[in-house]
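Trainee: quick one, structure for this:
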Amino acid sequence: ALRIFSNLLSLQCEQIIQHLNHKIPGVNTAELCARIQTSGIEINVGDLAKITNIVSFLFSTAARNNLSTEELVTTLGNAVSTLPKHAVQVICHVWNEQGKSISVSEDEQNTTTVGQFVDLKWKLGVAMSSDTCRSLKYPYVAVTLTVADPSGQITEKSFEMTIPQFKNFFRQFKEMAAVLETV
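Mentor: Predicted coordinates:
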């Protein structure tokens, strides 16, 4: 179990570095959490998200300050005394292998205050009936937006729209497209 945890923590650290290098929009902690739980290790998405945020902050701070692996170990030891030794080893190993690839510019740090679009899924449905109406036959559009927040956490937001709401939504997108054509 320790080896599996180390491998998954290593994967998480690598994804964080990819996110910090703008190669991926974020770290999908829900997917990673499912993989960890499947391997028999108990952890919840919230705790994994906290670990992702801590390691992301640690890596970005270390990159900004140009820390060596030894300096990172010292910083980790001072800041997080409760972190298991094998976790520190994994974090430091990934930093040693890939940490220097993180490019940090002041402009990028100041502009990452909003989320980033990752994906959009939609489906058209028809509500056939409900407990208050036997023959509803009410069409709707269900949308799931996948977004990476500024810290790199990937979340999904789902919502449904009536057909008039969807037509308004679509009209606004057409307006945006028309404005983009003029740029």
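
Trainee: kindly provide the distance from R171 to L120.
Mentor: 17 Å (Cβ to Cβ, to the nearest Å). Yep, even glycine has a C-beta here, placed from its N, CA and C like the rest.

Trainee: burial check on the closest residue to S130 other than its chain neighbours, number of neighbours?
Mentor: Distances taken as Cβ to Cβ, 6 or more residues apart in numbering place L136 nearest to S130, at 5.7 Å, with adjacent residues excluded. Counted by other Cβ atoms under 10 Å, the residues lying close to L136 total 12.

Trainee: L136 should be in a helix, yeah?
Mentor: No: applying DSSP: H, G, I helix; E, B strand; the rest coil, one finds L136 to be coil, outside a helix.

Trainee: which residues touch it?
Mentor: Taking Cβ atoms under 8 Å, 6 or more residues apart in numbering, we find L136 in contact with 127-130.

Trainee: tell me the one of those nearest P150?
Mentor: Closest to P150 out of the contacts of L136 is A127 (36.3 Å), distances taken as Cβ to Cβ.

Trainee: ok, for the closest one, nearest residue in space, not its chain neighbours?
Mentor: Counting by Cβ to Cβ, 6+ apart, A127 lies nearest to Y138, which is 4.4 Å off, once chain neighbours are set aside.

Trainee: that neighbour contacts V126, correct?
Mentor: Yes: counting by Cβ atoms under 8 Å, Y138 does reach V126; the two are 6.7 Å apart.

Trainee: which residue ranges make up each domain of this protein?
Mentor: Domain assignment for the chain by the TED database gives 1-101, 116-181.

Trainee: the shortest one: how far from the chain's middle?
Mentor: Mean C-alpha position of domain 116-181 versus that of the full chain (Cα atoms, centre = their mean, to the nearest Å) differs by 21 Å.

Trainee: same thing with the longest one?
Mentor: For domain 1-101, the gap between its own C-alpha mean and the chain's C-alpha mean amounts to 13 Å (Cα atoms, centre = their mean).

Trainee: which residue ranges of the chain form strands?
Mentor: Ranges of strands within the chain are 116-127, 138-148, 154-162, based on DSSP state E.

Trainee: quick one, which of these is nearest to N44?
Mentor: Using Cβ to Cβ as the measure, strand 154-162 is the one of these that comes nearest N44, at 14.9 Å.

Trainee: all good on my end, thank you.
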